[in-house]
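A.B. asks: predicted structure and sequence below. I'll ask about it afterward.
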Amino acid sequence: MRPARALIDLQALRHNYQVAKQLSADKALAVVKADAYGHGAVACAKALVDLADGFAVACLEEALELRMAGIAQPIVLLEGFFSADELALIEANDLWCVVHAEWQLAIIEQAHLTRPLTVWLKMDSGMHRVGFFAHEYRAAWQRLQDSNNVASIVLMSHFARADELDCTSTDEQYQLFQDASAGIDAPISICNSPALVAWPHIRSDWSRPGIILYGSQPVPGSEQQFLPVMSLQSKIIAVRELPLGEAIGYGAQCVTSRATRVGIVAMGYADGYPRHAPTGTPVSVEGCRTQLLGRVSMDMLAVDLTDLPHADVGSAVELWGQSVSIDEVAACAGTISYQLLCNVKRVVREYSPY
Ligand SMILES: *Cc1c(COP(=O)(O)O)cnc(C)c1O
């Protein structure tokens, strides 16, 4: 069998949730949208079932997967519903529903439900993606409050730049959110991972940590210790000795600057390893850090074994995880850990027990 695999450390996931929960003043929703950022939503939710106050997903389909696996905690749909016909399943499965636009509000008002819904009312405090503007927010809340179809309301907003420490916009968004919701007696939800890590004076009743659960650092240099959950691994499947001046891989993007021992790894961009990772991107072989050489192919990539004489065919390779942090690989490839994790595919996922 091809040796490419993603080892998922559920004990580390549990540790990270507990750290996130401590950082939260109150309850913490584990964000498991996009198949738990590529880690497997059902396995991750089950591993957190005795710890998590609730879960957040993007849409009804993701929530139903969790409900069918027996997850009974609150589940928030972060984009709410996309059409009125989803309301029956939202109601039947007791899902909490974000309302971010007037058209959703109107559908809720006109719905025929047997049980009123829990609604998370989203304010656009500066992200300018979805949500009600500050000047519309109170009226939207009043309409929900007046509707027989609504049982309770949570006030929410989302930060655009909480990962930037030298930037005033997070405090400005928080201030706007507080001003617009002043006097409304309802729980609030505002902190994502970077806000929990870097903005300790901003707290809410429900935090919404995502990426920190999976062990990536959303704000460089912060002190909390989140453990990597995914270790993306494979093996060396071929070794060749090349003299000085030989090109490696498609496009001859890398030419050896010395006699080089090259290891070929069964891992490529079809597995989700970023094709934009350049020569020099760190890779770990048998626990020793070395570097990527040349372009990443669909199924293979090359690494430098010149200084690792003990490495050979069959040697264990880690692309990210313990020895190489995913944040380093993301920085080299000009992207973020979120995208790398969500892109992992084709490789076998293996879960370590907890
Ligand atoms: C994805 C998402 C989160 C989690 O964000 P992280 O940066 O991964 O913590 C929180 N809130 C909303 C609305 C989201 O869409």
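C.D. replies: Nice, I can see it. Numbering: from 1, shown residues only.
A.B. asks: what's around the nearest residue to Ala140 once chain neighbours are set aside, how many residues?
C.D. replies: Spatial nearest neighbour of Ala140, chain neighbours left out: Phe132 (4.7 Å); criterion: Cβ to Cβ, 6 or more residues apart in numbering. Every C-beta, even on glycine, is put in place using the N, C-alpha and C of the backbone. Phe132 is flanked by 23 other residues according to other Cβ atoms under 10 Å.
A.B. asks: give me the residue from the stretch 201-350 of the chain nearest the ligand.
C.D. replies: Going by Cβ to the nearest ligand atom, the ligand is nearest to Gly210 of the stretch 201-350 of the chain, at 2.4 Å.
A.B. asks: what's the burial count for that residue?
C.D. replies: 23.
A.B. asks: go on, Val317?
C.D. replies: 26.
A.B. asks: got the residues of this structure near the ligand?
C.D. replies: 31, 33, 78, 158, 192-193, 208-211, 218 (Cβ under 6 Å from any ligand atom).
A.B. asks: need the contact list for the residue nearest to Ala140.
C.D. replies: 100-102, 121-124, 140 (Cβ atoms under 8 Å, 6 or more residues apart in numbering).
A.B. asks: domains in the protein, by residue range?
C.D. replies: 25-208, 230-351 (automatic domain parsing).
A.B. asks: now the last one: average pLDDT?
C.D. replies: Domain 230-351 shows an average pLDDT of 98 in the prediction.
A.B. asks: try stretch 14-22
C.D. replies: 97.
A.B. asks: report the closest residue of the stretch 1-150 of the chain relative to the ligand.
C.D. replies: Counting by Cβ to the nearest ligand atom, the stretch 1-150 of the chain gets nearest the ligand through Val31, at 4.2 Å.
A.B. asks: quick one, what contacts Thr260?
C.D. replies: Thr260 touches 241-242, 244, 246, 293, 304, 306, counting by Cβ under 8 Å, 6+ apart.
A.B. asks: ok, 10 Å please
C.D. replies: 240-244, 246, 248, 254, 293, 302, 304-306 (Cβ atoms under 10 Å, 6 or more residues apart in numbering).
A.B. asks: likewise Ala58?
C.D. replies: For Ala58, counting by Cβ under 10 Å, 6+ apart, the contacting residues are 31-34, 77-80, 98.
A.B. asks: relative to Glu164, which of those is nearest.
C.D. replies: Glu164 lies nearest to Val31 out of these, by Cβ to Cβ, at 20.3 Å.
A.B. asks: and that closest one, how many neighbours?
C.D. replies: Val31 has 25 nearby residues by other Cβ under 10 Å.
A.B. asks: which residues does it contact?
C.D. replies: 20, 37, 55-58, 76, 78, 192-193, 207-214.
A.B. asks: go again with 8 Å.
C.D. replies: Val31 touches 55-57, 78, 208-210, 213, counting by Cβ under 8 Å, 6+ apart.
A.B. asks: would you list the phi and psi of it?
C.D. replies: Phi and psi for Val31, reported as degrees, to the nearest 10, are phi -80, psi 110.
A.B. asks: what's the distance between the nearest residue in space to it that is not next to it in sequence and Lys122?
C.D. replies: Closest residue in space to Val31, ignoring its immediate chain neighbours: Gly210 at 3.5 Å, by Cβ to Cβ, 6+ apart. Going from Gly210 to Lys122 by Cβ to Cβ, to the nearest Å gives 16 Å.
A.B. asks: repeat that for Glu61.
C.D. replies: 20 Å.
A.B. asks: those two - which one has more neighbours?
C.D. replies: Between Glu61 and Lys122, Lys122 has the larger neighbour count (other Cβ under 10 Å), namely 27 against 11.
A.B. asks: wait, the more buried one sits on Arg129?
C.D. replies: No. Using Cβ atoms under 8 Å, Lys122 is not in contact with Arg129, being 9.6 Å away.
A.B. asks: give me the common contacts of these two.
C.D. replies: His158.
A.B. asks: ok, the contacts of Val31 vs Ala331, which is closest?
C.D. replies: Using Cβ to Cβ, those come closest to Ala331 at Gly210, 19.1 Å.
A.B. asks: contacts only, for the closest one.
C.D. replies: Contacts of Gly210 by Cβ under 8 Å, 6+ apart are 31, 33, 37, 56, 192-193, 338.
A.B. asks: wouldn't Val130 be in contact with Leu121 here?
C.D. replies: No. Using Cβ under 8 Å as the test, Val130 is too far from Leu121 to be in contact (11.6 Å).
A.B. asks: and those two? which has more neighbours close in?
C.D. replies: Leu121 (26 against 17).
A.B. asks: secondary structure class for the more buried one?
C.D. replies: strand (DSSP: H, G, I helix; E, B strand; the rest coil).
A.B. asks: for Gly251, see how far away it is.
C.D. replies: Taking Cβ to Cβ, one finds Leu121 at 51 Å from Gly251.
A.B. asks: same question, Val154
C.D. replies: Taken as Cβ to Cβ, the span from Val154 to Gly251 is 51 Å.
A.B. asks: rewinding a little: got a winner among the contacts of Ala58 for most neighbours?
C.D. replies: Going by other Cβ under 10 Å, Val32 tops those with 30 neighbours.
A.B. asks: if you drop the residues flanking it in sequence, what lies closest to it?
C.D. replies: Ala41 (4.6 Å).
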